[in-house]
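Colleague: Mind folding the following:
(2 chains)
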Amino acid sequence: MENFHPDRIQVIGRTEIDYLFSLPEEQQKPALARMLSLGVPAVMVATQERVEFPPVWKELFELAGVPVFFCQGKSREVIATLSEFLEEHLSEKTNLHGVLLEILELGVLVMGRSGIGKSESALDLVNRGHRLVADDLVEIRYYHRGALRGRAASPIKYHMEIRGVGIINIQDLFGVSAIREEKEIDLIIELVDWEPEGDYDRLGLDDKYKEILGAPIPYVRIPVSPGRNIATIIEVAARNQLLKNMGHYSARRLDQVLSRRSAPEAVKEDRKRDKT
Amino acid sequence: MVTAQYTIANRLGLHARAAAQMVKTANRFTSEIRVKSGDREVNGKSIMGILTLAAVQGSLIVLTVEGPDEKEAMALLGSLIMGKFGEE
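Modeller: Numbering: from 1, shown residues only, chains lettered A, B, ... in the order given. Here you go, the predicted model:
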């Protein structure tokens, strides 16, 4: 009983039911009463065949004010389906202004002020074979272990607004392989206006993160200016993130190579110090 | 920051043409403009955002405008909504 969680809905399967029925009748009631006395919110009976509760049991549940649900199916499957459903509907969510794309299996959320060219870059990327998840308004849900999943709001799903052309349907124009219903967010790219004095990352030695619903997501800021092909830069940033996910940091490797050349003694000293 | 509540009065609600007018008007200002209907809040400068609200005739929307030209923006957007987006 010490592993019993009285604050949770109790799912009872075939094994538990068979056990209860196998008890002598005078022991069944106390066994149930003990479970109910702990303040269980509800009980769900999940069995493949219909189970009928004896009148004594029903009375017990009524007296304790604990509802009983009967569900046809294996308890294992019912628990899995329920947890998935509850997680989806009870998880924290938020709406963000941006475009969500799948680039080389990576979920990339492109953000930035209106009119900076998010949709135009996204269209360029779709044209190159990447997939659109949501344009403009991304609905984001928090899943367990810090995973964030984004999707489009239903009425505008797979549509985009391109200034000068109007509203277009990506699925009709590019086919099913150009869209995706939902995608986990692996990288955030923020497009910002180019400022000559702006502080942009020139090396990429350090990882930066941006938090959404408390989950840190790798984050890159890209300045936009005439002559910069934003779609290509977004795609390269996604490729670079894929490399990093595999533990390969190009900037750090180059830095190591250069340090070995320019300051071999310092590198040796650092290594010695790291070892001790 | 200024906030005001309006009722969508035109027969077709915030349909595509009305949404486009609203977004065009909103984009003439530098202030940040947010539009809320029910529990959903969207960017007032984005046509796709406004369309997801699917606000029908009679629904309440809340405008929040923040920035240097917030008063002018609110006045113009308010008269646009109350003027049924020039529709009959």
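Colleague: so what pLDDT did residue 25 get?
Modeller: In the absence of a named chain, chain A is used. With respect to pLDDT, A:Glu25 scores 83.
Colleague: not what I meant, chain B
Modeller: 94.
Colleague: ditto for the one 4 residues further on
Modeller: With respect to pLDDT, B:Phe29 scores 94.
Colleague: what about stretch B:35-55, start to end distance?
Modeller: End-to-end distance of stretch B:35-55: 11 Å, with Cα to Cα, to the nearest Å as the criterion.
Colleague: Near residue 44, how many other residues are there?
Modeller: All of this refers to chain A. 18 (other Cβ atoms under 10 Å in any protein chain shown). Where C-beta positions appear, they are placed from N, C-alpha and C, glycine not excepted.
Colleague: you looked at the wrong chain, it should be chain B
Modeller: 26.
Colleague: just the one 3 residues further on next, same as before
Modeller: Residues within reach of B:Ile47, counting by other Cβ under 10 Å, total 23.
Colleague: So it versus chain A, what's the distance?
Modeller: As for B:Ile47, its distance to chain A is 5 Å (criterion: Cβ to the nearest Cβ, to the nearest Å).
Colleague: Quick check: that residue touching A:Ile162?
Modeller: No - contact between B:Ile47 and A:Ile162 fails when scored by Cβ atoms under 8 Å: they sit 10.7 Å apart.
Colleague: And the next helix or strand past the helix or strand where A:Gly107 lies?
Modeller: In this assignment (DSSP states H and E), A:Gly107 forms part of strand A:106-111. Using DSSP H and E, the helix or strand that follows strand A:106-111 in sequence is helix A:118-127.
Colleague: which of the residues in that next one are buried?
Modeller: If you call a residue buried by 16 or more other Cβ atoms under 10 Å in any protein chain shown, then helix A:118-127 has these buried ones: A:Lys118, A:Ser119, A:Glu120, A:Ser121, A:Ala122, A:Leu123, A:Asp124, A:Leu125, A:Val126.
Colleague: dump the residue contacts of residue 38.
Modeller: The chain I'm using is chain A. Under the criterion of Cβ atoms under 8 Å, 6 or more residues apart in numbering or on different chains, the contact list for A:Leu38 reads A:Phe4, A:Pro6.
Colleague: meant chain B actually
Modeller: Applying Cβ under 8 Å, 6+ apart, we find B:Gly38 in contact with B:Leu53, B:Ser59.
Colleague: try it again with 10 Å
Modeller: Shown in contact with B:Gly38 (Cβ atoms under 10 Å, 6 or more residues apart in numbering or on different chains): B:Leu53, B:Ala54, B:Ala55, B:Ser59, B:Leu60, B:Ile61, B:Val62.
Colleague: could you redo these as CSV and give each row pLDDT and neighbour count?
Modeller: Below are the contacts of B:Gly38 laid out as CSV (pLDDT from 0 to 100; neighbours: other Cβ atoms under 10 Å in any protein chain shown):
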residue, pLDDT, neighbour count
B:Leu53, 90, 23
B:Ala54, 85, 18
B:Ala55, 88, 24
B:Ser59, 91, 15
B:Leu60, 94, 12
B:Ile61, 94, 20
B:Val62, 96, 14
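Colleague: Filter those down to just the ones in helices.
Modeller: Among the contacts of B:Gly38, the ones falling in helices (DSSP state H) are B:Leu53.
Colleague: Take the contacts of B:Gly38 and keep only those in strands.
Modeller: Assigned to strands by DSSP state E, the following of those qualify: B:Leu60, B:Ile61, B:Val62.
Colleague: Export those residues to CSV and append columns for distance to chain A.
Modeller: Conversion of those to CSV gives the following (distance: Cβ to the nearest Cβ, whole Å):
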residue, distance to chain A
B:Leu60, 19
B:Ile61, 16
B:Val62, 15
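Colleague: With that, I have no additional questions.
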